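Undergrad: how does the following fold in three dimensions:
(chains A and B)
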Amino acid sequence: MSDTLLSFEESLAAYDPAMGLEVHVELNTATKMFCGCPTEFGAEPNTQVCPTCLGLPGAMPVVNAKAVESAMRIGLALNCEIAEWCRFARKNYFYPDMPKNFQTSQYDEPIAFDGWMDVEVDGETFRVEIERAHMEEDTGKSLHVGGATGRIHGADYSLVDYNRAGIPLIEIVTRPIMGTREQAPQIAKAYVAQLRELIVALGVSDARMDQGSIRADVNLSLAPVGTGALGTRTETKNVNSLRSVERAVRYEMQRHAAILSGGGSILQETRHWHEDTGVTTSGREKSDAEDYRYFPEPDLVPVAPSREWVDELRGTLPENPTQKRARLQAVWGFSDLEMRDTIGAGAFGLVEETIAAGAAPQAARKWWLSEMARRANDSGVEIADLGVSPAQVAAVQALVDAGSINDKLARQVFDGLLAGEGTPEEIVAARGLAIVSDEGALSTAVDNAIAASPDVADKIRDGKHAAAGALIGVVMKEMRGQADAARVRELILEKLA
Amino acid sequence: MSAWITKSAAELADALAAGEVTSVELTQAHLDRIAAVDGQVHAFLHVDAEGALAAAAASDARRAAGSPASVLDGVPIAVKDVLATRGLPTTCGSKILEGWIPPYDATVVARLKDAGLPILGKTNMDEFAMGSSTEHSAYGPTHNPWDLDRIPGGSGGGSAAALAAFEAPLALGTDTGGSIRQPGAVTGTVGVKPTYGGVSRYGLVAMANSLDQVGPVTRTVLDSALLHEAIGGHDPRDSTSIDQPLPALVEAARLGAAGDLSGLKVGVITELSGEGYQAGVLARFQESLDLLVAAGAEVVEVSCPHFVHALATYYLIMPCEASSNLAKFDAMRYGLRVLPEGVESPSAEDVMRASRDAGFGDEVKRRIILGTYALSSGYYDAYYGTAQRVRTLISGDFAAAFEQVDVLVSPTAPTTAFKLGEKLDDPLAMYLNDLATIPANLAGVPGISLPAGLAEEDGLPVGFQILAPALADDRLYRVGAALEAALERQWGGPLLAQAPALAPALAPAPGHATTEENR
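TA: Sure thing, here's the model as predicted:
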C-alpha cells in the first residue's frame, strides 16, 4: 500500500515543518564501551564477545575512558557544555539482540548538552541547536533468515550476532529545528553532512554511513503555517545516507501534509526508511506512553571529568568548520559559487583530501563535481560512497599533468578503478591508454586530415584558427583519442602557417 | 565422622602448615560428611568431588614443594550458587538457570582458586537470593542442622547450614539485606557483610547491585577475617570496588581475641531492639552487652530515627534493581527455554514469556512486578526517588551515630529459626526477618553476625550483630573476636558443640552427589 502524498509546494503552502535529528555515531575506539572486546567491523559473527557484552549472569561493565574522551571532544566541537558529573542509566526493554534486555545509556544526565552547529545551505548559515550528546552502547544485530523480505515477519528463523553489542555510540540530539520552510530537507542533509565532516576531522569514528557507523533518525512534524506550534511527530529510523536524509524529510513532509489536509491526524510512530523505493513504512507504534523505566545504572560510578581534562581536550579540537572553509576558499582560489557547489555536492572533504594528495585545486574540484558527481548520480549513491578515493583522483590527475593521458582517457581510468583493475598506472598500461607521443605517427595523421579537408585547411591558412577544431577532431579520432589535443592543434597550425 | 571437620579453618590451616594432615584428607573428610548428612540438610545444590580433590592434590603438591599459595591453601570451601564458577553449574536456586555452566569465574572464586582453596560445591539459596528462609529455592529447601524442621535462614541458608552441619569449614555468601548475617544468626555460625565495594561483585549474579556484597560464612570470627582477606580488595572489573587496601582484618581479630575493649564506645540502636523481638533473643543480646562492658567497653543508646523506614525503602530499591537485572533471563542465549503450548511458530517474545513464566518462582515474579511498577513513568519519583532520598537519610543516621560511638550493635534477627512453611504464605512476615540487617546494606556499612547463645524458650541460636563505619571492617573483627572469646569462656567451647548430632543418612551416601546433579 503506497502512501498518498501532497506535492512539496502544496505542503509548504499549508504547513510549517519542524525537524528533530538524532544521529548515532559509532566510535572507533579499539575496545567496546563497557568491556575489553575488540570493535573491528566485519569479523566472524559472535567472535568479539565476552561475558559482559553477552550479558552473562554476574558480568559487570567498566566504562571505556577513551569513549568518554571522544564523547567530550564531540560535545566540545558542537559548542556544548560538558557535565561536571553525570551518570549512565538503564533503558529497559526486551529485544532478542539486546543481551541484558536493557541498554546502558544516559538519560537526564548527558555528558554534553546545550550546544549548536552552524549549517551552511546555499551560502546561507542556519544555526542548529544541539540539545545533548550522550554515551550509550550499541545492540547486537539480528539476521532474519527465510521469508521474502529479510524482515522479522515471515522469517523462518533469526540469528543474532553480538559482535556489535556494546560498541560505543554517541547519540547527538538536536532541539526542534523550526523556520526552515522549503529548505528543511536540505538543512537536514547539510546538518548530517557537516556533522559527519566534523566527526571525520575529530578522528573519533570511521564515519561510514554505508556501514552504519553514522546513522540518522529523522523526527518530523507539521503545524499549520505561521502558528509556530509543534504537531504530532513521526520518527523515521536508520536513514543511512546523506541523500536519504533529504529524501526522507521531503517524503514525510508530503505524507504528513496529505493526511492533515485530508482531515486526518498523524499517528505518533516509528517509521522505516526504504532506500530502494524512497518511501517510509510504519514500524512499531511509539507513543510517549512507551515506558523505558530509566534508572541510574547501579553497576557504574558517575563520570565526573575534571575541568583540566575538559580544557586539555578543548585544545585538541580541529579548526572550526566555518573558519576552515573561509581559509581554504582563499587558499584554493575558489569563487563563492564554486565553493557553494562543492559544499552542496557533499564534496568539500573529498576535494580537500584530493588537493592534499597533490592535485591542483581546480582539477580536484572539476573531477569531483563533474565526473564523480555524474557517476554517483547515475548509480544513486553519495559521491563519498562511489568507491573512488581522493588519493586515486589525485593520482589520475598526476598522470594528466605529466601528459601521459588526457581528460578523456582519464575517464576510462576511472572506469578501470571502479572495476577494480588496479592502480591508475596499471590501468593505463593494461588498457593501453597512454597518449601516443610518436611525432611521426601524429604528423602523418595531421597530414591525412589536412588532405581530406582542403576547404577547412584553406580557412585556417586564411587565419581562421577556430576552424582547426574540426581537424583536431578528425586527428583525435584517427589516434583513437590517445593524443594530446593541444599538440595536435600546434601541429595543424604549424603545417598551415 | 572425622575429627577434622569440627575444626576451624584457622586450625586446619595450621595443621596443613605443620604437615599433620593433607588437603586431600581434609577435602575427602568433608566430602564424606556431605555424603553422610546432606540428604537431610540439603545445603548443597551441586557437589564437585572430583574438582575439589584435584585442587586438594595440587595444594598438597605446593605444600610439599614448600610454596603454599596462601595461609588458607588446601582448606576446602563451599560457594553460594549465586557466584559464577567456571565449569560448575550456577543456578542461583532458579529453574531458569538450570543447566547453565558459566564460562568464567567470579573474581572472588578466582581469588579462592589462586589462594589454593578446593571448592567442594555450590550451596543452596532462595531463588536469586530473594528470601529469608531458603524455602524459595527451586530445588527444595535447606534444613537447619539445629532442628531439621526449621529454616536455616536465607537467602544463604545453604552456606550457613553447610557450616553448622560441618560439611564445610568455610563458605562464601552474599548479603543484599541480610542474606549472610541472618542465616548466621539462626544457625549459630558467623557471617560478615563487608563494606560495600570492599569485595568484588564481578561474577555475583546481581539481585540489587547497589546493595549486594559478597562475604565470609564461617564458624569463628578469625576464620571470617582470614577469608575476608583472601577475597577482598580492589578489582578493576567491578567499577564500584574500592581502590584502596583492606584494613588489617586478621590482626584485628587476633587483637580482639585477647579480650580488652577498653576505650571502645558501643551504641545500642534504639530502633532495633525492643518491640517485635523474641524474649530469648533480647535476653541473649543483653547478656552479650554485659560481656562487652565487662571487657572494658562503654555501652550507650543511640537513636537512628530513619531506620523505621529502612524496610520500606529496601523493598522499593531492591525490586527496582532486581526487575531490571532479571530481564536478561529471556531464554535467548542460555538457561531454560520453554516453548509456549498451543502456539504455532512462536515468536521470540512468546518464547521469552513462556520461559520466564515457567522458570521464575512466585517470590521472584512478585519482586519483578513490584520493581517494574515502581520504576514506571509517573511512579518513579514517588517510589524510587523517595526511596533514594530516605536511603540518604539512613546513611545520615549512621554517620551521626558513628560520630558518637565506634560500633553499633543489635540483635541480628528478631527471632530464632522458625518452622519450615510457617511464613511461606505471608511475604510481609518473611520480610520482617531482615529488619535489623537491611540498614547496613542501604548505607553500605559493614556488619557481622556471631552466635550469642541459645534462646531459653526454644533452645535455638541467637545472633548478635555489630556494625561499623564504611572501610572500618577491622572494628567488626576486633569487637566480634572479643565477644566470641568471652561467650565461649562461658559456654566452655563453641556454641555449635551444643547442636544435636545429625544421624548419618539411612540410605547409602555415595549416590548423593549424583542425585543432586540430576535434580
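Undergrad: burial count for residue 402?
TA: Picked chain A for this. By the criterion of other C-beta atoms under 10 Å in any protein chain shown, A:Ala402 has 9 neighbours. (Each C-beta comes from the backbone N, C-alpha and C, glycine too.)
Undergrad: let me rephrase: I mean chain B.
TA: Other residues within reach of B:Phe402 by the criterion other C-beta under 10 Å amount to 21.
Undergrad: same check on the one 10 residues further on?
TA: Burial of B:Thr412 is recorded as 33 neighbouring residues (other C-beta under 10 Å).
Undergrad: which elements pack onto the host helix or strand of A:Ile170?
TA: When secondary structure is defined using DSSP states H and E, the element that contains A:Ile170 is strand A:168-174. Taking 3 or more C-beta pairs under 8 Å, 6 or more residues apart in numbering or on different chains; DSSP states H and E as the contact definition, the neighbouring helices and strands of strand A:168-174 are strand A:15-26, helix A:65-77, strand A:124-137.
Undergrad: which among the ones you listed is found nearest to chain B?
TA: With C-beta to the nearest C-beta as the criterion, chain B lies closest to helix A:65-77 of the helices and strands packed on strand A:168-174, at 11.6 Å.
Undergrad: tell me the buried residues in that closest one?
TA: When burial is assessed from 16 or more other C-beta atoms under 10 Å in any protein chain shown, helix A:65-77 yields the following buried residues: A:Lys66, A:Ala67, A:Val68, A:Glu69, A:Ser70, A:Ala71, A:Met72, A:Arg73, A:Ile74, A:Gly75, A:Leu76, A:Ala77.
Undergrad: other residues contacting the helix or strand just after that helix?
TA: Downstream of helix A:65-77, the first helix or strand assigned by DSSP H and E is strand A:81-82. When contacts are taken as C-beta atoms under 8 Å, 6 or more residues apart in numbering or on different chains, the neighbours of strand A:81-82 outside the stretch itself are A:Met72, A:Gly75, A:Leu76, A:Ile111, A:Ala112, A:Phe113, A:Asp114, A:Gly115, A:Pro305, A:Val310.
Undergrad: now do stretch B:420-436
TA: When contacts are defined by C-beta under 8 Å, 6+ apart, stretch B:420-436 is touched by residues B:131-133, B:135, B:141, B:143, B:149-151, B:153, B:177-178, B:182, B:272, B:276, B:310-311, B:314-315, B:363, B:366, B:410-415, B:465.
Undergrad: residues contacting B:Val82?
TA: For B:Val82, the contacting residues are B:Thr90, B:Cys92, B:Gly93, B:Met125, B:Phe128, B:Ala129, B:Ser155, B:Thr174, B:Leu204, B:Val205, B:Met207, taking C-beta under 8 Å, 6+ apart as the criterion.
Undergrad: nearest to chain A among those residues?
TA: With C-beta to the nearest C-beta as the yardstick, the closest approach to chain A among those comes from B:Val205, at 4.2 Å.
Undergrad: all helices of the stretch 151-300 of chain B, in order?
TA: Using DSSP state H, counting those that start in this stretch, the helices found in the stretch 151-300 of chain B span residues B:157-164, B:181-187, B:221-231, B:249-257, B:279-294.
Undergrad: my guess is B:Ile346 meets B:Ala331, correct?
TA: Actually, residue B:346 is Pro. It isn't Ile. No - proximity of B:Pro346 to B:Ala331 does not meet the contact threshold set by C-beta atoms under 8 Å, at 10.8 Å.
Undergrad: now do the contacts for the residue nearest the centre of chain A.
TA: Computing the C-alpha centroid of chain A and ranking residues by C-alpha atoms, centre = their mean puts A:Leu242 first, at 4.9 Å. If a contact means C-beta under 8 Å, 6+ apart, then A:Leu242 has A:Lys189, A:Val192, A:Ala193, A:Arg196, A:Met209, A:Gly346, A:Glu382, A:Ala384 as its contacts.
Undergrad: next, it: phi, psi?
TA: Main-chain torsions, A:Leu242, degrees, to the nearest 10: phi -60, psi -40.
Undergrad: and it, what's its pLDDT?
TA: Model confidence at A:Leu242, given as pLDDT, is 89.
Undergrad: okay if I get the helices of the stretch 151-300 of chain B as JSON lines plus mean neighbour count, mean pLDDT and distance to chain A?
TA: Putting these into JSON lines (neighbours: other C-beta atoms under 10 Å in any protein chain shown; pLDDT from 0 to 100; distance: least, C-beta to the nearest C-beta, whole Å) gives the following:
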{"stretch": "helix B:157-164", "mean neighbour count": "36", "mean pLDDT": "98", "distance to chain A": "17"}
{"stretch": "helix B:181-187", "mean neighbour count": "36", "mean pLDDT": "98", "distance to chain A": "21"}
{"stretch": "helix B:221-231", "mean neighbour count": "28", "mean pLDDT": "98", "distance to chain A": "15"}
{"stretch": "helix B:249-257", "mean neighbour count": "21", "mean pLDDT": "98", "distance to chain A": "24"}
{"stretch": "helix B:279-294", "mean neighbour count": "18", "mean pLDDT": "97", "distance to chain A": "33"}
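Undergrad: pull up the pairing partners for the strand holding A:Ile170, direction included.
TA: Strand A:168-174 pairs in its sheet with strand A:15-26 (antiparallel), strand A:124-137 (antiparallel), by DSSP bridges.
Undergrad: the next helix or strand after it versus strand A:15-26: what angle between them?
TA: Using DSSP H and E, the helix or strand that directly follows strand A:168-174 along the chain is helix A:184-202. Put simply, helix A:184-202 runs at 20 degrees to strand A:15-26, going by axes from the mean of the first three to the mean of the last three C-alpha atoms, to 10 degrees.
Undergrad: so which elements touch helix A:184-202?
TA: Using 3+ C-beta pairs under 8 Å, 6+ apart as the contact definition, the elements that helix A:184-202 packs against are strand A:15-26, helix A:65-77, strand A:112-121, strand A:124-137, strand A:214-224, helix A:242-261, helix A:321-332, helix A:348-356.
Undergrad: tilt between that helix and helix A:242-261?
TA: In terms of direction (the same axes, to 10 degrees), helix A:184-202 departs from helix A:242-261 by 150 degrees.
Undergrad: B:Asp426: neighbour count?
TA: Neighbouring residues of B:Asp426 were enumerated by other C-beta under 10 Å; the total is 10.
Undergrad: ok, now how distant is it from chain A?
TA: When distance is defined by C-beta to the nearest C-beta, to the nearest Å, B:Asp426 is 29 Å away from chain A.
Undergrad: distance of that residue from B:Phe418?
TA: The spacing between B:Asp426 and B:Phe418, counted by C-beta to C-beta, to the nearest Å, is 11 Å.
Undergrad: likewise for A:Val301?
TA: Here the criterion is C-beta to C-beta. By it, A:Val301 lies 39 Å from B:Phe418.
Undergrad: show me which of those two is the more surrounded one.
TA: Neighbour tally, A:Val301 and B:Phe418, criterion other C-beta under 10 Å: the higher count belongs to B:Phe418, 22 against 15.
Undergrad: in terms of pLDDT, where does the nearest residue to that one once chain neighbours are set aside sit?
TA: Excluding its sequence neighbours, the residue lying closest to B:Phe418 (C-beta to C-beta, 6 or more residues apart in numbering or on different chains) is B:Ile151, at 6.0 Å. Residue-level confidence at B:Ile151 comes out at 98, pLDDT.
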